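Asks: structure for this input, please:
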Amino acid sequence: MSGDAFDVAVIGGGLAGCAAALAARKRGASAALVSERRGATAMISGALDLAPSAGGRGGGTLEEGMTRLARANPYHPYAVASEFGKAGSVTPAAEALRESAGDFAWAMKSAGAGVTFSPGAVMTIAGSLGTARETRLCLDTMARGDLTTLGDRRAGFIGIAGFPEFDAEYMAAVFGTGGGGAGRFEAGWASATLPGMEGMNNLAPYAVARKMENAQFLGDFASVVIAAAKGKGFDRLYFPPVLGLLGCDGVLKTLGEMIGCECCETATAPPSVPGERIVAALRLALERRQVSVVEGGVETFEADGGEVKAVAARDPYGAVREVRASAFVLASGGFIGGGLRRDDSFRETVFDLPVFHDSRVVAQEAMSELVEPSLVRAHPVFSSGVRTDPRLTPLNERGAPAYENLFCAGSVLAGFDPFRDRCGAGVALTTGFLAGTNAAKAAKTA
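Replies: Numbering: from 1, shown residues only. Predicted coordinates:
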């Protein structure tokens, strides 16, 4: 068994884990990230959920949306991290989210896939399923298509022959009649055939994105689009999100210049090229910040005196590597990411921490006890997870810290349903940043 020692070791390679590792490095701590899989980050549509709209013009501010969640649920991570019950404010969580979003924006821009962060008002992005997505953080390629800025201009949805994930005719019909939830505006559609790929069906999004990075191919594609859209009076063109992988900003800019029209991408359902862009950009950021990435799943851990001392991870080739650290961050995900599991009982899979729903430990309950009969109601299982104190230190069954040098982040946390609450990425960025920061502080005093 080989081994290394760090100030901070992060378990989990998703958005929360990467945010934690970058935050720890930002504060001068050496950091390792132990990751068995990429987590749910690759499933991101390109429009990230930070907090729901707070209503009113522009959807209110980010802080207002976060406050709405904290006020409705005292166990929500925004409420816990801000001690909302005492302070009546989400300022600590909001400040952490702003700084973490800035770190995320740096990572994405450095990889040629910039993002737009709009804490003061929501942006409305066209989704490939014919629905409007409200977001405060999304790829620049999508922010360019914010439907609230379209005005009386005419939108053109450009489909790709052989690419069934994007039905341009359907999207034009839905959005043109106001059915997408973004108001009614002028819309039309056209279909373009990819050069050299005529007659091909079920084209893979990733393969198409790679093709778009070729200058000759992009030029030929632009010519096809010009011919397909001729005479239709489009002022802004909406494409499926396949305009390159990293470096998509440059691809979109070049395509717009070639066509002579404003161009943008839509959000999409998973699996997605935008998600792949985010995964790749975060990995590059970890490399630039000199975070050591350990590939493998944690099988065992060592603890002594109320603190975690080390974890042992087995890589894909069977080798076991020990990672020792002064402080640890658990960002292993929820049920989808494998950080939570229901076998004989509900459990957290790395440190065997208890799983809570609100203030109650759930262990031997049947899954049916945590699922509501109606699909439209909130299901307790989706907001179950590890409960923490305001420092994000996990609690045991008695409500006391389980390990003083362990901090938790992301979907492993209890108190929120990332999809229903529309805050999955926001919780990941906020708690990842805070957990990484707190771990770095703990490491310095160890």
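Asks: drop to CA atoms for contacts and neighbour counts, all remaining ones
Replies: OK.
Asks: output the lowest mean pLDDT helix or strand found in this protein.
Replies: Among the helical and strand segments of the chain, the one scoring lowest on mean pLDDT, DSSP states H and E is strand 2-11, with a mean of 88.
Asks: contact partners of that one?
Replies: Residues from elsewhere that reach strand 2-11 (C-alpha atoms under 8 Å, 6 or more residues apart in numbering): 17, 20-21, 24, 29-35, 298, 320-332, 436, 439-440, 443-444.
Asks: just the ones in helices from those residues, please.
Replies: When helices are assigned by DSSP state H, the members of the contacts of strand 2-11 inside them are Gly17, Ala20, Ala21, Ala24, Gly436, Ala439, Ala440, Ala443, Lys444.
Asks: my read is that the third one contacts Val291, right?
Replies: Same thing as Ala21. Yes: with contact defined as C-alpha atoms under 8 Å, Ala21 counts as touching Val291 (7.0 Å).
Asks: hey, what's in contact with both of those two?
Replies: Contact with both Ala21 and Val291 is made by residues Ala31, Ala32, Leu33, according to C-alpha under 8 Å, 6+ apart.
Asks: and for Phe239, the neighbour number?
Replies: Here the number of neighbours of Phe239 (other C-alpha atoms under 10 Å) works out to 24.
Asks: ok, which stretches of the stretch 1-150 of the chain are helices?
Replies: Taking DSSP state H, counting those that start in this stretch, the helices of the stretch 1-150 of the chain run over residues 15-26, 62-72, 77-82, 84-87, 91-110, 140-143.
Asks: give me the buried subset of the contacts of strand 2-11.
Replies: Of the members of the contacts of strand 2-11, the ones counted as buried by neighbours, 16 or more other C-alpha atoms under 10 Å, are 17, 20-21, 24, 29-35, 298, 320-332, 436, 439-440, 443.
Asks: I'd like the helices of the stretch 1-150 of the chain laid out as JSON lines, including mean pLDDT.
Replies: Written out in JSON lines, the entries for the helices of the stretch 1-150 of the chain read as follows (pLDDT from 0 to 100):
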{"stretch": "helix 15-26", "mean pLDDT": "97"}
{"stretch": "helix 62-72", "mean pLDDT": "96"}
{"stretch": "helix 77-82", "mean pLDDT": "98"}
{"stretch": "helix 84-87", "mean pLDDT": "92"}
{"stretch": "helix 91-110", "mean pLDDT": "97"}
{"stretch": "helix 140-143", "mean pLDDT": "97"}
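Asks: which one of these lies closest to Thr41?
Replies: Put simply, out of the helices of the stretch 1-150 of the chain the one that sits nearest Thr41 is helix 15-26, at 6.0 Å, with distance taken as C-alpha to C-alpha.
Asks: just the C-alphas of stretch 136-144, formatted as CSV.
Replies: Output in CSV follows, covering the C-alpha atoms of stretch 136-144 (Å, rounded to 0.1, in the frame of the first residue of the first chain):
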residue,chain,number,x,y,z
ARG,A,136,-28.4,32.7,-12.2
LEU,A,137,-25.3,30.8,-13.4
CYS,A,138,-24.9,29.3,-16.9
LEU,A,139,-22.4,28.9,-19.7
ASP,A,140,-21.8,32.1,-21.7
THR,A,141,-22.9,30.3,-24.8
MET,A,142,-26.3,30.0,-23.2
ALA,A,143,-26.4,33.4,-21.5
ARG,A,144,-26.2,35.0,-25.0
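Asks: distance between that stretch and the chain's centre?
Replies: The chain centroid and the centroid of stretch 136-144 are separated by 13 Å, computed with C-alpha atoms, centre = their mean, to the nearest Å.
Asks: I'd like to know how far the residue in the chain sticking out farthest from the centre sits from Pro240.
Replies: Among residues of the chain, the one most distant from the C-alpha centroid is Gly231; the distance is 39.1 Å, by C-alpha atoms, centre = their mean. Counting by C-alpha to C-alpha, to the nearest Å, the separation of Gly231 from Pro240 is 21 Å.
Asks: can you list the weak-confidence ranges in the stretch 201-350 of the chain?
Replies: Regions of the stretch 201-350 of the chain meeting the criterion pLDDT under 70 are absent.
Asks: mind listing the strands for it?
Replies: 236-239, 262-265, 292-295, 297-304, 307-314, 320-330, 340-342, 346-348 (DSSP state E, counting those that start in this stretch).
Asks: other SSEs contacting the fourth one?
Replies: On a contact count with 3 or more C-alpha pairs under 8 Å, 6 or more residues apart in numbering; DSSP states H and E, strand 297-304 meets strand 31-35, strand 307-314.
Asks: the same query, at a cut-off of 10 Å, please.
Replies: On a contact count with 3 or more C-alpha pairs under 10 Å, 6 or more residues apart in numbering; DSSP states H and E, strand 297-304 meets strand 31-35, strand 307-314, strand 320-330.
Asks: Serialize these to TSV and add fields for distance to Glu276.
Replies: Conversion of these to TSV gives the following (distance: least, C-alpha to C-alpha, whole Å):
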stretch	distance to Glu276
strand 31-35	16
strand 307-314	25
strand 320-330	23
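Asks: Phe166 is nearest to which of these?
Replies: Distances from Phe166 to each of these were compared using C-alpha to C-alpha; the minimum, 32.5 Å, belongs to strand 31-35.
Asks: sheet-wise, list the partners of that closest one with their directions.
Replies: When pairing is defined by DSSP bridges, strand 31-35 lines up against strand 2-11 (parallel), strand 292-295 (parallel).
Asks: I figured Ala24 hits Asn438, correct?
Replies: Yes: the pair formed by Ala24 and Asn438 meets the contact definition of C-alpha atoms under 10 Å, at 8.2 Å.
Asks: quickly list what's touching both of those two.
Replies: Applying C-alpha atoms under 10 Å, 6 or more residues apart in numbering, one finds that Ala24 and Asn438 are jointly contacted by Val8, Val329, Gly432.
Asks: name the nearest of those residues relative to Ser223.
Replies: Distances from Ser223 to the shared contacts of Ala24 and Asn438, taken as C-alpha to C-alpha, are shortest for Gly432 (44.7 Å).
Asks: residues contacting that closest one?
Replies: When the contact criterion is C-alpha under 10 Å, 6+ apart, the partners of Gly432 are 10, 14-24, 96-97, 100, 329-331, 392, 407-410, 426, 438.
Asks: in a strand, it, correct?
Replies: No: assignment of Gly432 by DSSP: H, G, I helix; E, B strand; the rest coil gives helix, placing it outside any strand.
Asks: how far away is it from Gly130?
Replies: Shown here: Gly432 relative to Gly130, a distance of 32 Å by C-alpha to C-alpha.
Asks: again, but for Gly188
Replies: When Gly188 is compared with Gly130 (using C-alpha to C-alpha), they lie 13 Å apart.
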